[in-house]
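Undergrad: Okay, predicted coordinates and the sequence, questions at the end:
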Amino acid sequence: MHESIPSTLAPENWPFSLELLPQPAYMVGGAVRDAILGRTREYLDLDFVIPSKAVKVARAIAHHYKAGFVLLDAERQIARVVFPHATADFAQQEGDSLEVDLHRRDFTVNAIAYNPHTQEIIDPLQGYADLQQGILRMVSPANLEDDPLRLMRGYRQAAQLGFTIEPATQAAIRSLASHISKVAAERVRVEIGYLLANSQGTRWITSAWEDGLLAPFFKNTTRESLIKLAAVDNAAALLTQNWQQLGAQLQEYVRDSIKTTWLGIAKLACLVNPDPELAEIELHQLTYSRAEIRGVTTALKLLPQLQVVDMSLREQYFFFHDADIVFPATVVLAVALDNLVEAMSGDKPLHTAVETKARCCLIWAPLINRYLNPDDLVAHPTPLVSGKELIIALDIPASPIIGQMLTEIGVAQAEGKVSTPTEAIAFARQLQQRTAGK
Ligand SMILES: Nc1ccn([C@@H]2O[C@H](COP(=O)(O)OP(=O)(O)OP(=O)(O)O)[C@@H](O)[C@H]2O)c(=O)n1
């Protein structure tokens, strides 16, 4: 018996009217699971199972609300209706009954149905009891094998729900691990993305690697990569404690359309080949976007520069120019790896939190403070003159030399040698004379 039906399942909270759903129709999947858990979903995505004509129902609802309609799978009769702030998927029931359909799903907690017409919970696999205990239990090993992405979904959902994986389920996952290589890289990447974004993700990525799920995709991930991953989590916490704004930037998405945060980029950099060129090939094969690949490779390329204690202003100027928006990811990686390199290079223990904090202040604080100060001319130079102005003032033709002069003016400005447009032009003139004299 289930104590009460959570109000979040109520049709009043749906983006469409219950009257448009035929009888019977069932709500299933993550929305039911999360409602029972009292877990709020960032984005409302509802899944319905309908015994027949699921696509027709979806089309009618989309038409009624002038919402978007996407036919996801014509053969299996699955369609999506896209509302401004929610989506609803309608799928034809698999098999002869709802019970058969539920028995074909991945985990018991995802195999609970809710009949909105009768307000009844249908739970043939005792998913409700597993939800109460925080356990992810497979429906069957055969179901995991049917769609091997489910192997990875287990770790991702355990992280997101704060659950444990029931031992027999984990053993089955381990023995079926080789099947993961049949899954399209893109689907695996999405699951890894959720794990990298989750505060419990590192623990579960580690389990997934130990259980053989990562190797076919992340060929360069080793035990050391996972230690680095944990170090990045710690470094992010330390940096956030001292520079809230930097912490907030680490949580920002690389782009609005790409749901990977800068912290995720730093973590991804731990899992791939540390050579930026090889990492690029690897990430490309894993179907990462250009922005994500650029983030990871930039961080890896610039990392050695952040390990130098005394960077000249000139070096800092070029560093900030190259790092640009990848600075937060690069610095969190540098803090994390510095801690590890020291630890791995001798019998020294890991730095204590206090020592790391002290090193942070010495090596990176000046750079972080510059980066966070929008008026800092080293990190955020504001051009004193444009290329066009130089061409006119020096009476020279457009050529790559103009770009070089602008860069040198920027460096001179960072070093405090020039601070007005007139001084900048005079400085450029000197450069011109020096070059002509050679
Ligand atoms: N590979 C998959 C994907 C999905 N499902 C089933 O389809 C439901 C809906 O899938 P999806 O929307 O992808 O995931 P959710 O479980 O809803 O969870 P989340 O929103 O957290 O991804 C799942 O609950 C599960 O019952 C499955 O059995 N196997």
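TA: Now that the structure is in, tell me what you want to look at.
Undergrad: The closest residue to residue 219 other than its chain neighbours is in what secondary structure piece?
TA: Using CB to CB, 6 or more residues apart in numbering and skipping residues adjacent in sequence, the residue nearest residue 219 is residue 282, 7.2 Å away. The C-beta positions use only the backbone N, C-alpha and C, and glycine is treated the same way. Assigned by DSSP states H and E, residue 282 belongs to helix 276-285.
Undergrad: buried ones in that helix?
TA: 276, 279-280, 282-283 (16 or more other CB atoms under 10 Å).
Undergrad: Stretch 302-314 too?
TA: 302-303, 305-306, 311.
Undergrad: Now for residue 241: which residues touch it?
TA: By CB atoms under 8 Å, 6 or more residues apart in numbering, the residues touching residue 241 are residue 247.
Undergrad: how would you label residue 124: helix, strand or coil?
TA: Taken by DSSP: H, G, I helix; E, B strand; the rest coil, the conformation at residue 124 corresponds to coil.
Undergrad: so what's it up against?
TA: 99, 102-103, 111.
Undergrad: Check residue 372 too.
TA: For residue 372, the contacting residues are 243, 245-246, by CB under 8 Å, 6+ apart.
Undergrad: Roughly how far does it sit from residue 247?
TA: For residue 372, the distance to residue 247 (CB to CB, to the nearest Å) stands at 11 Å.
Undergrad: Over to residue 403?
TA: 36 Å.
Undergrad: who's more crowded, the two?
TA: Using other CB atoms under 10 Å, the more surrounded residue of residue 403 and residue 247 is residue 247, with 18 against 12.
Undergrad: Residue 381: which element?
TA: Using DSSP H and E, residue 381 falls within no helix or strand.
Undergrad: distance of it from residue 321?
TA: As judged by CB to CB, residue 381 and residue 321 stand 8 Å apart.
Undergrad: Then residue 272?
TA: Computed as CB to CB, the residue 272 to residue 321 distance reads 24 Å.
Undergrad: The two: who's more crowded?
TA: residue 272 (25 against 14).
Undergrad: mind checking pLDDT for that one?
TA: Per-residue confidence (pLDDT) for residue 272: 97.
Undergrad: List the contacts of the residue lying closest to it once chain neighbours are set aside.
TA: Of all residues not flanking residue 272 in the chain, residue 279 sits nearest, at 4.3 Å (CB to CB, 6+ apart). With contact taken as CB under 8 Å, 6+ apart, residue 279 is in contact with 269, 272-273, 296-297, 300.
Undergrad: Could you list the low-confidence segments of the stretch 201-350 of the chain?
TA: Counting by pLDDT under 70, the stretch 201-350 of the chain contains low-confidence residues at 341-350.
Undergrad: Which stretches in it count as helices?
TA: Along the stretch 201-350 of the chain, counting by DSSP state H, counting those that start in this stretch, helices occupy 201-210, 223-242, 244-250, 262-271, 276-285, 290-306, 313-323, 327-345.
Undergrad: Can you lay out those helices as JSON lines showing distance to the ligand?
TA: Shown next, in JSON lines, are the helices of the stretch 201-350 of the chain (distance: least, CB to the nearest ligand atom, whole Å):
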{"stretch": "helix 201-210", "distance to the ligand": "14"}
{"stretch": "helix 223-242", "distance to the ligand": "22"}
{"stretch": "helix 244-250", "distance to the ligand": "23"}
{"stretch": "helix 262-271", "distance to the ligand": "17"}
{"stretch": "helix 276-285", "distance to the ligand": "22"}
{"stretch": "helix 290-306", "distance to the ligand": "20"}
{"stretch": "helix 313-323", "distance to the ligand": "34"}
{"stretch": "helix 327-345", "distance to the ligand": "26"}
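Undergrad: Redo the ones you listed as a markdown table? Include distance to residue 415.
TA: Output for those, formatted as a markdown table (distance: least, CB to CB, whole Å):
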| stretch | distance to residue 415 |
| --- | --- |
| helix 201-210 | 41 |
| helix 223-242 | 28 |
| helix 244-250 | 25 |
| helix 262-271 | 29 |
| helix 276-285 | 29 |
| helix 290-306 | 18 |
| helix 313-323 | 5 |
| helix 327-345 | 20 |
